[in-house]
Every structure is written in C-alpha cells, then in structure tokens.
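>>> Next come a sequence and a model predicted from it.
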Amino acid sequence: MSEASLPFNEKIFPRKLLKEEWERSIKKTEEYWAEKAKAISWFKTWDKVLDDSNPPFYRWFVGGILNICYNALDRHLETPRKHQLAYIWEGEPGDVRTFTYYQIYREVNKLAQILKDFGLKKGDRVAVYLPMIPELPITLLATTRLGGIHTVVFSGFSAEALADRINDCQAKIVITADGSYRRGKIVPLKETADRALANTPTVEKVIVVKRTGQQIPMKEGRDHYYHEVMAKVAPNAYVPPEPMEATEPLFILYTSGTTGKPKGVQHGIGGYLVWAYWTLKWGFSPNEEDIWWCTADIGWITGHTYNVYAPLALGTTSFIFEGTPDYPACDRWWEMIERHGITILYTTPTAIRMFMRFGEEWVNKHDLSTLRLLGSVGEAINPEAWKWYYRVIGKEKLPIIDTWWQTETGGFMISPLAGLELVPLKPGSATNPLPGVYPEVYNEKGEIAPISTRGFLVIKAPWPGMLETLWKDPERYKQTYFGRWPNTYYTGDYAVKDPDGYFWLLGRADEVLKVAGHRIGTVELESELVSHPAVSEAAVMGKEDPVKGEVPVAFVVLRSGYTPSEELRQQLVQHIRSTIGPIATPEAIVIVNKLPKTRSGKIMRRLLKAVLVGAALGDISTLEDEASVEDIKATYEELRKQIEKKQ
Ligand code: PRX
C-alpha cells in the first residue's frame, strides 16, 4: 500500500503513536496481532494468526485453544482483582446488588453445573430472553464456560421474534424471567416467552429467574425457577472451563438487514475476545479505579462486547442498570452517576437528545465530577448533541469518544482513542480507524471517492473482531458483506473522508433504519405489514426525528373489503408491536389507494421519501400513475396534522 493511501494526515495528526501502531497493524498484520493476543490467556497458542486462504471466510488464531469465561473470570482469581467488583447493578425500583469477580465466578460455576445437568454440551445453543439483571451476564458466562453458544434476544422483542430466533438456531435451553420492571410497571416476560415456546420444538428446558415475583404458569418438567435449581447446587461447585478452538462459534446475535429475515451474525471466540479487549483498552483505558457504565442493554452487540466480554477480560468494574432514563424522574442517570461515583459514561446520541429536551437543570442538580470520559455509539452524533454532551455533562473538560462500529464488527472500528493517543476531536466525526482497521470511502464503481465526497464506507482488510459468517448461511454472508466488491467488506454505511483524513459517518446506504440507535430493516416491517389480512402492499420509510434520529412511517394499500379508519391504523401499529416489538412501532401508518410505481412495477421509494420530507418530487416521468403521488401527499399531510395536534 502506498503512503498516500494511508488514512491519516500529518497536519492534524502530529503525534506518532497511533499512526505507527496503525501502520504496523496493516503492514505486519500477523506479527502485530500475535503480540496483542498475549493479553489473553490461552490454553494453547495458535498455529496461525490469520488464515486468509479461503476469503471471505477469514479465520483468526487458528489452532489456538482458550475459554472466554476463563478469561473473563478465572484468570483474575490469581490477582488482586479477585475481591474487586465486577458488577454494580441497580434495578429500576432502586435495589442494588454487587458482585466481586470471585462472587460472580461462584454464580457462574453453579449455573454452568445446572446447564450441564440439563444436558448442555459444547456447541449447543442457549437462547437468553432476560431483562438487564445480573443473571444476564451470568448466563452468558455459564453458557460459554461449557462451550455453548448463546443467542440473546432483546427483552423488548415480541414472542414471534423470539420464536423465530430460537428456531433458527435450534436452541435447546431458554433462560428468561417472570417479568421485568419498566416505568414502575411489570412487563410479563414469561407470558411472552410462553407464547414463543408454544412453537419451538427444540427447547427442552426453560430456566426462569424470579424478578418481579407474580404468579406465572410453569410447565411441569420443562420450566425451572433459577433460584430453586441454584439452591440445590453445592456453593463451591466447580465446572472446568471447556477448552475451545479459537475459531469455534461464541455467540449468534440476530440483526436486521435488507431482507425480511434477520441475520444470525456469528462471532468466534479468539478473534472476538482479542478485539473486545484491545478496543476497550484503546478506546477508554478503564483502570482499577474506574466504574465503567455502558448504558446498552446486553440484548444488543454493544452490551455483549462492552458490558460483558471486554470489561471482564480487562478486570474492570462495570455498572449496569435495569431501568429507563426518566423514571422515576428525568435525573435518574445523573443521580446514579453521583451516588455510585461512575467515571466513564458510554451512551447513545438518542439518549443525549432526550436529555437535551428534559433541560440541563436536571443534570445540574448533581455532582458529576467523578466522570473522566464520555462515549457515544449507535448512530452519528449530530454536532448540537455533541456540543451539549461536551458542555453540560463533560463541563467542557472531557473528551467524547464517538465510536463507529456494527454488530458484525464485534467492537469499535473508527473512534478517537483515549487509551492510546487522543487526536483533536471534531464534533460529529468518529475521527480515525483503530489499529487493524483499514477503511476507505468508495464511489458507486468501487473506486476511492474524492476527499469530501460522500461514498460507501468499506473495510479493506480483515480484522480480528469481524463476524465469522452468518449462522448456517455462508452464502448470505458472502453476498451481503463481500458481494459488492471482492475481498472488501461492505458496511452498508455512507461516509465521507475530510481533508484531514477524518471519517464522518452519514447513516445507512441501504434499507436499514436506525430508530433510537436500534437497527430495524424496512423490509422486515413491510413483510409483517403484508402478513396482516387487511394489507395488500406496504412501503416503509425512515423519517427524521429530533430525538430518535429516525422513525418508521408505513405507507400501506388495503385489500378490497377494508376501509381506512383510525381503528385499523391502530390495529396495524399493534400488529407490528406484537410481531417485531415496540421498538419498531411506526410513527404513522398512511393508508393510500396506490403506491407510486414505475411502469415496470417497482415502488418509487424516492417519491415517498420526498413526501415525508416535504421536498420537491423531481422527475416523475417514469411514474405509472401521476395522480397516485398527489393522493399520497394529501393523505400524509392530513395525518401529519393529526399527529402534530396530538403531540
Ligand atoms: O449506521 C451505523 C450506525 O449503526 C450501524 C450498526 O448498527 P448495529 O449493528 O445495531 O450496531 C450498533 C452498535 C455498534 C452502523 O452501520 N452507527 C453505529 N455507531 C455509529 C453509527 N453511525 C455513526 N456514528 C457512530 N458512532
């Protein structure tokens, strides 16, 4: 690679460390990662750092043997970390539980013993449908201790979504809870799980954590209360950590793509762990005095990597929270930061924008002087939100670590690095790539886009944290990520590189929405809508939203025999909530007579987008029926006024 193509610019990047690390990582990849992988405890070291003989199926640390749970827990028992806190957890009602590394090790061994007694073997899948309670990380660790593969389904997902995921990976065991708390109310999780479990033939055992305590049906022989089975295991139970090949699967996490069916992103053990460890260390360098708070639910990749594997591998103390930011009051987070002395806050632009709305007086009631670093993830942080975060939370003293990455990348990819060398920040830019990451911005033809021109963000070389494949669907993996340009990972994001070599992420280039940072495929919503008996056709678009970034708006055409009504619209909203989950709730359902189509029958999404943003329609000469779009415009305007009135 020529010097000119390196993404760094000397002018703004006068210091050397990151640049040197980056260059070495790209030019001497295997040597570099062999050195970094020493931070991990291996039962046997690898034979080959990177096997790239069968692209795009890259294999990291081939021949290496390790156990991720051992790395997260056992290895700290020989150090002073043994009796330091691994987790401080706070429930929504205000209950607090803490776990030292030793205590969590004990819990994990006991649960591993139960899973083993229930027949879980290396390679078997465990589906986890839990709220943010300590049993969630405990479950992941107990599963991986035995060499099992976990798939966590966010507890806000519907029964149908849960059943689909359980069936796709053929999970043998499900771990759930009786309920969870949300804004003072009980969410009946087990009820939802039971609806899913009616259609999941592979599930043999269900373990139920008692969180909310109400009466729930328990199926004889299948369902077991967590506390009851745990009470029967010896307190000093020890289950040896299963020696695993570095390339064996660690977990499957389903995420939305451009087709209806969510993709089972499969991460492997060795590469992912090395990546998790180094990205957190470089990004935020948590030390022994820190209390790290990543606000993501463990149902998402951010929670997997930065609430479980990375902080535990580093021996960090993490804070985890069950509730919502505005309950019982809008200062819940700031009150907790003050009370627990949290030092690093890693959250989302959506949360920041919500706090901006609440007003800074809520923040200013609290002493946030323990904070030393701030982070952002999930979507681009708009400069106004960045500045507010910097001024009101960071008191103009703390850097903002804006981390760009994806479920598929395992960990941070483009981000300022407080733990390596902090570059000058620009509000709204994720700055430069981490060592090992070789990003580029391409135009439509796959050529490097000129500086300051929008193009497609691609990654040109494999990195240890990358997904291994899509679960049982290697062809889709190849097509989705490497189908556009050979041996080049396609991120699905738009980006520009500025004259200083900084990357600015500009949102998705495909049919994927980011609603409050959550990834939702428009096609997924469309297929659920047309599965409703009243709907014949649907087109879902993202509309800009001041807090959530984006919200879905659905344009639907009804089948004959159905007439538009507010009631039907509500029914369709409810249908989405119960088939996908509340996070996918459309802001509006616009019932129209016809969707704008070309003469060849393709929906002209561009026109729907123009209607949403109130922009000019542009060229409509290919439109089959010009009147349809005027009709849609009028219907949408009508609805928009109604929504505005309600707000
Ligand atoms: O569009 C990018 C956006 O989130 C997408 C990945 O979503 P998901 O797999 O759910 O993972 C979210 C947590 C890592 C990306 O394709 N995204 C994530 N972080 C940023 C971002 N966009 C801009 N800036 C970010 N910091």
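Now that the structure is in, tell me what you want to look at.

>>> Strands of the stretch 1-150 of the chain, start to end?
Under the criterion DSSP state E, counting those that start in this stretch, the stretch 1-150 of the chain contains strands at 48-51, 59-62, 65-66, 85-90, 96-100, 125-129, 149-152.

>>> swap that for the stretch 251-400 of the chain, sorry
For the stretch 251-400 of the chain, strands defined by DSSP E, counting those that start in this stretch occupy the ranges 263-268, 291-294, 317-321, 344-347, 373-376, 400-402.

>>> and those strands as TSV, adding distance to residue 529 and mean neighbour count?
The way it works is simple: take the backbone N, C-alpha and C, and place the C-beta from them, glycine included. Compiled in TSV, those are given as follows (distance: least, CB to CB, whole Å; neighbours: other CB atoms under 10 Å):
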stretch	distance to residue 529	mean neighbour count
strand 263-268	20	25
strand 291-294	34	24
strand 317-321	34	24
strand 344-347	32	24
strand 373-376	32	24
strand 400-402	34	25
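
>>> if we compare these, which one ends up closest to the ligand?
Shortest distance between the ligand and the strands of the stretch 251-400 of the chain, using CB to the nearest ligand atom, is found for strand 400-402: 5.0 Å.

>>> Okay, now the sheet partners of the closest one, with direction.
strand 373-376 (parallel) (DSSP bridges).

>>> What's the mean pLDDT across the partner strand?
The average pLDDT within strand 373-376 is 98.

>>> Show me what that strand is in contact with.
283-284, 294, 343-349, 352, 386, 389-390, 393-394, 398-403, 418 (CB atoms under 8 Å, 6 or more residues apart in numbering).

>>> Just give me how far it sits from the chain centre.
16 Å (CA atoms, centre = their mean, to the nearest Å).

>>> For the ligand, give me its nearest residue in the stretch 101-250 of the chain.
Counting by CB to the nearest ligand atom, the stretch 101-250 of the chain gets nearest the ligand through residue 154, at 10.7 Å.

>>> I'd assumed residue 296 was in contact with that residue.
No: shown here, residue 154 and residue 296 do not form a contact pair, counting by CB atoms under 8 Å, at 10.3 Å.

>>> In the stretch 301-450 of the chain, where is pLDDT below threshold?
Applying pLDDT under 70 to the stretch 301-450 of the chain flags no residue at all.

>>> Give me the phi and psi angles of the residue lying closest to the residue of the stretch 101-250 of the chain closest to the ligand once chain neighbours are set aside.
Take residue 154 and drop its neighbours on the chain: the residue closest to it by CB to CB, 6 or more residues apart in numbering is residue 299, 2.9 Å away. When read as degrees, to the nearest 10, the backbone of residue 299 gives phi -70, psi -10.

>>> can you tell me which residues contact residue 299?
Taking CB under 8 Å, 6+ apart as the test, what residue 299 contacts is 152, 153, 154, 155, 156, 157.

>>> Up against the ligand, what does the stretch 451-600 of the chain have?
Within the stretch 451-600 of the chain, the positions adjacent to the ligand are 491, 492, 493, 505, 507, 508, 514, 519 by CB under 6 Å from any ligand atom.

>>> Those into TSV, with extra columns for neighbour count, secondary structure and pLDDT?
Listed next are those as TSV, based on neighbours: other CB atoms under 10 Å; DSSP: H, G, I helix; E, B strand; the rest coil; pLDDT from 0 to 100:
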residue	neighbour count	secondary structure	pLDDT
491	22	strand	98
492	21	strand	96
493	21	strand	97
505	20	strand	96
507	16	strand	93
508	19	strand	93
514	21	strand	95
519	22	strand	93
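
>>> Make a markdown table from these and add distance to residue 147 to it.
Below are those laid out as a markdown table (distance: CB to CB, whole Å):
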| residue | distance to residue 147 |
| --- | --- |
| 491 | 31 |
| 492 | 32 |
| 493 | 34 |
| 505 | 36 |
| 507 | 39 |
| 508 | 35 |
| 514 | 34 |
| 519 | 29 |
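
>>> quick one: the strands in the stretch 501-647 of the chain?
Going by DSSP E, counting those that start in this stretch, the stretch 501-647 of the chain shows strands at 503-508, 512-515, 518-521, 535-545, 549-558, 588-592.

>>> lowest-pLDDT helix or strand in the chain?
helix 626-646 (a mean of 82; mean pLDDT, DSSP states H and E).

>>> Distance of the residue nearest to residue 154 relative to residue 164?
15 Å (CB to CB, to the nearest Å).

>>> For residue 56, give me its contacts.
462, 477, 478, 481, 482, 487, 489.

>>> For the third one, grab phi and psi.
As for residue 478, its main-chain torsions (degrees, to the nearest 10) stand at phi -60, psi -50.

>>> Could you do the first one as well?
Backbone geometry at residue 462, expressed as degrees, to the nearest 10, gives phi -70, psi 150.

>>> ok now stretch 86-100, how far from the chain's centre?
Chain-centre distance of stretch 86-100: 22 Å, with CA atoms, centre = their mean.

>>> From here on, call the first residue 225.
Got it, the first residue is 225 from now on, which makes the last one we talked about stretch 310-324.

>>> Show the end-to-end separation of it, please.
For stretch 310-324, the first-to-last residue distance is 5 Å (CA to CA, to the nearest Å).

>>> Now do it, average pLDDT.
The average pLDDT within stretch 310-324 is 98.

>>> What parts of the stretch 425-574 of the chain come near the ligand?
Listed as neighbours of the ligand in the stretch 425-574 of the chain under the rule CB under 6 Å from any ligand atom: 479, 525, 526.

>>> Leaving out sequence neighbours, find the closest residue to the second one.
In space, not counting the residues next to it along the chain, residue 525 is nearest to residue 631; the distance is 4.2 Å by CB to CB, 6+ apart.

>>> what kind of secondary structure is residue 410 in?
Assigned state for residue 410: strand (three-state reduction, DSSP: H, G, I helix; E, B strand; the rest coil).
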